[in-house]
Each structure stands twice: as structure tokens, then as C-alpha cells.
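>>> sequence-free structure coming up:
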């Protein structure tokens, strides 16, 4: 028997969110539906009863999936069914994962699977803003141990006002777009993009989001109590030996601390730490290690973490010997590779990105066909993280979620600095060749340099920095670290990435791993990040003060032009014959589409002459013939009564025999004209009824002395009407007319 339980959340602007449990997917450990207007998500959570052997981490898996039926659409592709997760689904999954993961108990290692499915959408409300709430609510109504609840909201600033969970239409007008996750008391995760906003504006947005999240967390607590899931399951996933823990610390801590303050580089430090652990393990037999090795590994990791943190908090000494505000040495080289259209190497300490830029045309646009987002992307940024960048000996597989997430952050950091009318499609590819801390921020810096090297006229250069935090006593004692190392990220309490120009922030990503992070600490971290960001920006502008004034010689040239809508068909031609002919003749690549009632044409080629030839051909097609204008045309056919001249692309006119020369001609050939000849002609008349064009050659020639006009001869009789052969290619070509009474002009 169904016994659904509901909770309603008032967003305060006339909209509500309803959470319901007890109706769908009841065999899962926890399941809820979350609804806002006509957008409906189902979230389920299941967990294994026991942890797998040897697991000492949280094996959490979050999958966000959108069904095409939710918006009444068929999936694309041959199979016509949902398949591999889109980048958007991966990014939404990561947002939820990063908010949930820190809140599972440290000793809980059972596999947990969170599935969030979009089953209904209206195309107005954004479902990703509800995914975190749905996942947390599913955990709340389960017996799975979880130190939540949390919720996520999107906060945007539209026309100066903050909006919680804006619609798609509102977001297009926003200068701040952030996803914020938090518990009742603490911010857990932030990610978003901005239009060069100031630090205090970003903090204000986070505070507005947190107030909305508190209401949603309270609703989940009430829901959890209503379903009777306030007591969570018991578990025992770790075997511990407190005497062994104490022994590891006593025998290893001082040695580990000495390495932590020695300032060695990454690999030397790692080898020294490993040697200490191996030395400790050497006192045990193989049989004893079979029982104790896992615990020794955990306890030794805790010793490393404590030693690193104490060195920073007590002595202000970091693992590589830097001060807390110090940025690692930076070296830069632009125009590094001859083949790409732009390239740069950015190296900061032991993190290095080799980034390339490729310029493309409309045919290179990325087609997006997600459930609610279908269109084209003209600025692409891809991030690759091969195993050799950290010295790992393992094969490189396909693109992982981390690579998609890091690439997306760099994309958001740079995209608002691309000129809105930039004609090229851009692809930026960052290859991480070395990594020890914040390769995504190295990608932002290298991307800026490579774009400028390619001649892209960026509005402003962008730099990025990753900040860390070491804190204790709920933030009473803390140290903020600029330009963090990989170990400082792993062993620290915060990873806070900030990108921006000299005038403001363009993107951010923050993951917090501890409770009690105050807004004061966030404010201080942002201020310190700004100093570091501007320092790095100074290094970038030293290496490349401004973008190249022009593209590199081997880069494609591209021009845009617009034409009236009614000429699109004429440029394309029947079956694409005309546009294909122009491409074959000129060597240019041409694309055309209708945009907002006009035809937009992109013409690309390897040189200026190629593009200009294509432009001339297109202008000839779309130009309107004007009486009195002189044209250079090609004789397309010769008739007894004159010649037909293609004086504009697709437009033929009759050069009557009487208009070829001032002297009287019996045949066109007497004037030395034949098919294929190029002649200059003047458009003297356009028949208002038929639209036929009448041309003259003789009016461009000097009139002979003593010339007298004579009436036309009519003694040759009426040779019949050949009929109106009509226009060719829409050009009003007159190949008919009265053959009798042929006017060939006076003789003299």
C-alpha cells in the first residue's frame, strides 16, 4: 500500500519545490522525486552492506542522466536511444559528487551509488540546479550513514538582482552564474563563471545561495524524521590497532617532519617519504605484514598529513620551502610549435601545459544535441592529462570525468574574453606535460597565451591560481596557501581556484573538505588569490604584451558577409550547383545559413585572393542590375540576331546585332565576336513586363564622324517570332523577339 510523504519548499518568488518519497523505486535504500513546475527528477541511492577488502576510501559513484522523453524528443544517432553520458551530464554528476563526498564518515567504505534521472522537463527551469537536492534527499530517507543533509542551488545576478535557480532565459542575461552547495552551517562547493566581478560581489552571491540552501536542508531534516530514518545503519569497515597507530607515529613523525620542511622537489620528497615507511615496515616479517600492511599505510598517511599541516601552521614552511603567499617560478614560451595556428608553453613550478589553438570555419562548429540544450558551440577547449605528466607508468585511456571537468573550468574562464563577433570557430587544446598542482589553472594561462599567439584579439588576458587552506579548531587557526602543490591539495582542507582579468573574476571552483569555514576565511582567501592572480598575469603580459596583430601565414582566412534572404537560393543554386561551382573555381570554402531573416555567408580560404574572388562571385549573384551600368560579360551563345552575354553571374542579356557596332552588320561574326569572348557592355534597358535585359556595346564606342541615323530596314520580311525563351538562372534572358523587320542600324 502506497504511503507517499511530501515536503514543499517555497522559493519566495511564487515557485515551489516538492520532494516526495514512498511512491517510486521503493526497493532502493532511498528514493525521492523532486519537482519544480513541470521539471521532475527521480533520485535513488543504494549502498553495499559491507566494504570490499582493502578499500580505505569512499567508493562513491554519482550518475546524472537525462531522458529525451522528458522533453518529448527522440535521441539522435542510429540507435535512437540514450547512450554515453554527455559532457553536460558528466559535469552535473561531478557537481553532486563533490558536494556529497566529504560528508560520508571517514571510516565508511561501502560502495554507494547515487542515480539521478530527469524524467520531465519544460525547457524553462534548469534541472541541474535540483540534482544536488534530490541526491541529498534520497540519502536523507535512507539508512546510509551521511553527515548531511546538503543542497545545491544555482545563483545568478540578472539586471543587478540575485535570482535562485533562474530559468534558461534569465541565465542568458546574467553576469554571475554559480552553483553553490552547502549544509545548514557550511559552504561545501562552489563553481561558476562571471563577467569580471569583484571579490565582494562573488561572496555576496554565495551568501544569498546559502540562505536558500538552509531552507532546503531544513525541509530534508523534516522529511527524514517523517519517514523515520533518523537512525542510520551500523557498520564496521576498518580494523584498527591503536598500539600500532601509536608506534607508527612515534617512530616516523620526526623523520617525516624533517622531510616536510626540507623543501625538496616532488619526486625527491616522495622517495624520502616512501623510504621512511619502508624502513618502518622492515621490522616485520612477511606474515606480520600480511596482517598489518593496510593499517600501517593508513596510519603513515595520517602522520604525513599531520607533519605537513604542523610545518605550515607552526613554522610557516611548505613542502617545497615556499612562503604561504609565494608563487612558484614561471617560464613561458609562445609560438612554440610551427604547425598550429597558435601555441604556448606555460610552466609554473612542476606544472606544465603545452597548449595549441586551431582556427576553423562554420563547418567545424560542435553540434550539441542534449535533451534541453541543442545548438552549436564555436569555442571549444579540451584538456588532456596523460599519466606520464605525474610520472605514472600506466596506459592512457579515454577522456575521464576529471579531464572534462578541468577543461570546462578553463573554458568558462576564457570564453567571455573572446570577442562576441569573432568570425572563427576556435579549438584550444591543453596537453598537461607535468603536473604538481593546479593544471587547470596552467591551462587558463597557457590558453590565454596561445590565443594571443594565434592573433585572437582577446578583450583582456586571463590568469588563474589555485589556493589551499590548512586549518584547525574550526578555523580558529589557519593558513591560506597560494599556488598549491598536489600534496597540499590532497592533505589540505580546501582547493579554491580563481581565474580573472586585471579587472575582475571570470570563473571559480571551490571544494571544501572541513566544517566551519567562515566567510572571513573565504574573503581572505579571495584577497590573497587576487594578489597571486595579478602576479601571474604580469608574467603573461611580460611574455606577450598583446595579441598578434594578424593571423599567422598558414592560418585560414575568413570573411563574413550578409545577403538578403531572397538571394540565398540563388547563391546555392539548384542542387548546390552555383555555390559548388564558386568553390571549385576560386578554391574557397563557403557556408551559408539563414539567421534572423538574413543570409549569413562565411568564406574561408588560404589567401586573400581566393576569398576576394569568391566575394566577387557572390556579389555578382546578389547584385541588382542597374540601367546605365557598364559590365564585363562573357558571350554565352551567338544567334543570327545578336549575342547573349552573361553580364552578371546567372544573368544574361541580349546584345542585339544593331547594338554591337555603329556600322551595319549582317552577322555577329563580322564584329569578330564568338562564344566565350569577354566583352564590355552597358545595360540600356530592362523590360518592365518580362524583366529581360537589353545590352549595348556600341554606346561604349566613339560614334564615327558623319554618322547619320537611318530608319530600320524592313525589306527582309518577317522571319517569324522565335518566342520568348525566358530567363536563364533567374536572369531575364531574352533569346526571342521579332526576327522580321530586324533593326541593324543605318549604313554609312
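Thanks, I have it. For clarity, every value in this text was computed on a predicted model and none was experimentally measured.
>>> okay but residue 281 is in contact with residue 294, surely?
No - with contact defined as Cβ atoms under 8 Å, residue 281 and residue 294 do not form a contacting pair (11.7 Å). For glycine as for every other residue, the C-beta is placed from the backbone atoms N, C-alpha and C.
>>> shouldn't residue 214 be within a helix?
Yes - membership of residue 214 in a helix is supported by DSSP: H, G, I helix; E, B strand; the rest coil.
>>> that one touches residue 187, doesn't it?
No - applying Cβ under 8 Å as the test, residue 214 and residue 187 come out as separate, 11.4 Å apart.
>>> more crowded one of those two?
Ranked by neighbour count (other Cβ atoms under 10 Å), residue 214 and residue 187 place residue 187 first, with 20 against 15.
>>> residue 471 should be in a helix, yeah?
No - going by three-state DSSP, the assignment for residue 471 is strand, not a helix.
>>> can you pull the pLDDT of it?
Note on residue 471: pLDDT of 90.
>>> cool, the one 10 residues further on as well?
The confidence metric pLDDT takes the value 95 at residue 481.
>>> if I look at it, how far off is residue 327?
Residue 481 sits 11 Å away from residue 327 when distances are taken as Cβ to Cβ, to the nearest Å.
>>> then residue 366?
To residue 327, residue 366 is 34 Å away according to Cβ to Cβ.
>>> compare the two (neighbour count), which wins?
Neighbours around residue 366 and residue 327, counted as other Cβ under 10 Å, are more numerous at residue 327. The numbers are 18 against 13.
>>> so the more buried one makes contact with residue 538?
No - Residue 327 is not in contact with residue 538 according to Cβ under 8 Å; the separation is 10.3 Å.
>>> how about stretch 13-20, which residues are buried there?
17, 19, 20 (16 or more other Cβ atoms under 10 Å).
>>> ignore the last one, stretch 578-587
So for stretch 578-587, counting by 16+ other Cβ under 10 Å, buried means 578, 579, 582, 583, 586.
>>> and it, what's its mean pLDDT?
92.
>>> ok, residues contacting it?
Here stretch 578-587 makes contact (Cβ atoms under 8 Å, 6 or more residues apart in numbering) with 570-573, 588-590, 592, 605-606, 610, 613-614, 617-618, 621, 649-650, 729.
>>> looking at those, which are in helices?
570, 571, 572, 610, 613, 614, 617, 618, 621 (DSSP state H).
>>> and these, which is closest to residue 434?
residue 610 (41.4 Å; Cβ to Cβ).
>>> quick check: the gap between the closest one and residue 399.
36 Å.
>>> report the buried residues of stretch 372-386.
Across stretch 372-386, burial judged by 16+ other Cβ under 10 Å covers 372, 378, 379, 380, 381, 382, 383, 384, 385.
>>> model confidence for residue 726, exactly?
At residue 726, pLDDT is 41.
>>> what of residue 356?
pLDDT, residue 356: 98.
>>> so what's residue 183 closest to, chain neighbours aside?
Closest residue to residue 183 in three dimensions, ignoring its sequence neighbours and counting by Cβ to Cβ, 6 or more residues apart in numbering: residue 150, at 5.3 Å.
>>> show me the contacts for the one you found.
99, 100, 103, 132, 136, 181, 182, 183, 188, 213, 217.
>>> can you pick the most crowded of these?
residue 132 (33 neighbours).
>>> what about it, which helix or strand?
Using DSSP states H and E, residue 132 maps to helix 128-140.
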